[in-house]
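[1] Okay, sequence plus prediction incoming.
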Amino acid sequence: MEQSKRIDFIDLAKGFCIILVVLTHVNTYFNIEYPLKDVLASFRMPLYFILSGIFFKTYGGFGGFLKRKVNNLLIPFFFFYLTLSFALPNFLYLCGYSVRNIDSLGLKSLFNFVFLDQFSNSPIWFLLCLFWTNIMCYIILTIRGGLLKNVILSILLGVSGYVLGRNEMQIYMWLDSALTAMPFFCFGYILKKYTNVLYPNKWDRYLLLFAFLCFCFVYFFAVHISFVGNRFPSNSILNLYACGIVGTLFVLFLSKYLKKIPLISYWGRYSIIILCIHNPVIQVVVPLVNKLHLNGFCSLMITLLIVMLLFLIIIPIMKKFFPYVTAQKNLIPIA
């Protein structure tokens, strides 16, 4: 959004979201059952999809729309795939360093990427998945009809993606995950278009109460989900969508009440940079933290803190030297 149109508490919500994403990927090195792990996981990715749907626009035509999505999603995806998932691992391997994910080595890594959805800088899968959800939402909105039509079509697409996942039927390039995410993405669009929840209103006096009630709901009904693999527990479709939506409302209500927390809001504003780069940063920080010989939970939290603080240095560098591949400037001109 343009500077004059930014909604501060949305940046705060995005900040909470990216912290949860980084926390999850840091924990792949420690495998700690930290408090509320499944609760937070139940709305971590739905929160990202809903926040993206909130600011969905058609931009007056498919040409302008597509250029913006290529600039903001596909260019960052392919740049950070080619640099951090292909070039860097192969370079380090040739220099004699061990590489955690051998699927990123050699030309076979291109096959693994296209047909197996496997590559080392895995968090950027979300950018490609989000590109598909944007395209599908655009198609839905071109079909005549109102709110009910949007809801029905998004639910049908979501159920089809869920069924594919439950039957272990994969569509390459995370199209299956994009299908499952469509109700969340369209919910964000509907939330912005048909309600005033994003703006000051008479119900704001109850924000903390609403946030508490939403958290209680998610606490009791959360199920562990995996959007990247489009894998979900059996008979969990209602929990999946209910907890994803209610959990997101919890974060939105809490963020709207708090309005702005400078550091977290800053991370939220530039969350795409953190999303694209945090995985290799984690790989550098974890061995250093392990030398402290702390218990697992302390190591997890210290690693998370160091990684996030490093982005106070990384973000300005990326903004200055790589604005066209981090969605800060348009590589493809838009009239």
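    Looks like it came in fine.
[2] after the lowest-mean-pLDDT helix or strand in the chain, next one along is what?
    Ranked by mean pLDDT, DSSP states H and E, the helix or strand of the chain with the weakest confidence is helix 108-116, at a mean of 62. Using DSSP states H and E, the next helix or strand after helix 108-116 towards the C-terminus is helix 125-142.
[3] Send me the helix or strand just after that next one as CSV with only the CA atoms.
    Remark: after helix 125-142, the chain's next helix or strand is helix 147-166, criterion DSSP H and E. Coordinates of each C-alpha in helix 147-166 appear next as CSV, following Å, rounded to 0.1, in the frame of the first residue of the first chain:
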residue,chain,number,x,y,z
LEU,A,147,-20.9,-11.9,-2.0
LEU,A,148,-22.7,-15.2,-1.9
LYS,A,149,-21.0,-16.3,-5.2
ASN,A,150,-17.6,-15.4,-3.9
VAL,A,151,-18.1,-17.3,-0.7
ILE,A,152,-19.5,-20.4,-2.4
LEU,A,153,-16.8,-20.6,-5.1
SER,A,154,-14.0,-20.0,-2.6
ILE,A,155,-15.4,-22.8,-0.3
LEU,A,156,-15.6,-25.2,-3.3
LEU,A,157,-12.0,-24.5,-4.2
GLY,A,158,-10.9,-24.9,-0.6
VAL,A,159,-12.7,-28.2,-0.2
SER,A,160,-11.2,-29.5,-3.4
GLY,A,161,-7.7,-28.7,-2.2
TYR,A,162,-8.4,-30.3,1.2
VAL,A,163,-9.7,-33.5,-0.4
LEU,A,164,-6.6,-33.6,-2.6
GLY,A,165,-4.4,-33.3,0.5
ARG,A,166,-6.4,-35.9,2.5
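[4] Mind jotting down where the helices sit in the stretch 201-335 of the chain?
    Taking DSSP state H, counting those that start in this stretch to define them, one finds helices in the stretch 201-335 of the chain at 207-221, 237-258, 262-269, 271-290, 296-321.
[5] Go through those and pick out the most buried.
    Compared across those, helix 237-258 shows the largest average neighbour count, a mean of 22 (mean count of other CB atoms under 10 Å). To be clear about C-beta, it is placed using only N, CA and C from the backbone, and glycine gets the same treatment.
[6] Go through the helices of the stretch 201-335 of the chain and name the closest to Thr142.
    With CB to CB as the criterion, Thr142 lies closest to helix 237-258 of these, at 24.2 Å.
[7] so what secondary structure elements neighbour that closest one?
    helix 8-26, helix 37-54, helix 147-166, helix 175-194, helix 207-221 (3 or more CB pairs under 8 Å, 6 or more residues apart in numbering; DSSP states H and E).
[8] Ends of stretch 135-149, what's the gap?
    Its first and final residues considered, stretch 135-149 spans 17 Å by CA to CA, to the nearest Å.
[9] Show me how far it is from its chain's centre.
    In terms of CA atoms, centre = their mean, to the nearest Å, the centre of stretch 135-149 is found 23 Å from the chain centre.
[10] quick one: average pLDDT of it?
    The average pLDDT within stretch 135-149 is 92.
[11] What residues of it count as buried?
    Of the residues in stretch 135-149, Ile135, Met136, Cys137, Tyr138, Ile140, Leu141 count as buried by neighbour count, 16 or more other CB atoms under 10 Å.
[12] Then stretch 82-89?
    By neighbour count on 16+ other CB under 10 Å, the buried set for stretch 82-89 is Thr83, Leu84, Ser85, Phe86, Leu88, Pro89.
[13] and the residue nearest to the spatial centre of the chain, what pLDDT?
    By CA atoms, centre = their mean, the chain has its centre lying nearest to Tyr48, at 4.4 Å. Here the pLDDT value assigned to Tyr48 is 94.
[14] number of nearby residues for the nearest residue to it once chain neighbours are set aside?
    In this structure, Tyr48 finds its nearest non-sequential neighbour in Cys17, 5.5 Å apart by CB to CB, 6 or more residues apart in numbering. Other residues within reach of Cys17, judged by other CB atoms under 10 Å, total 25.
[15] Kindly report the same for the one 10 residues further on.
    Other residues within reach of Asn27, judged by other CB under 10 Å, total 18.
[16] One more: the one 3 residues further on?
    When neighbours are counted by other CB under 10 Å, Phe30 registers 18.
[17] Test my guess that it contacts Cys298.
    No: Phe30 is beyond contact range of Cys298, at 9.9 Å (criterion: CB atoms under 8 Å).
[18] All set now, cheers.
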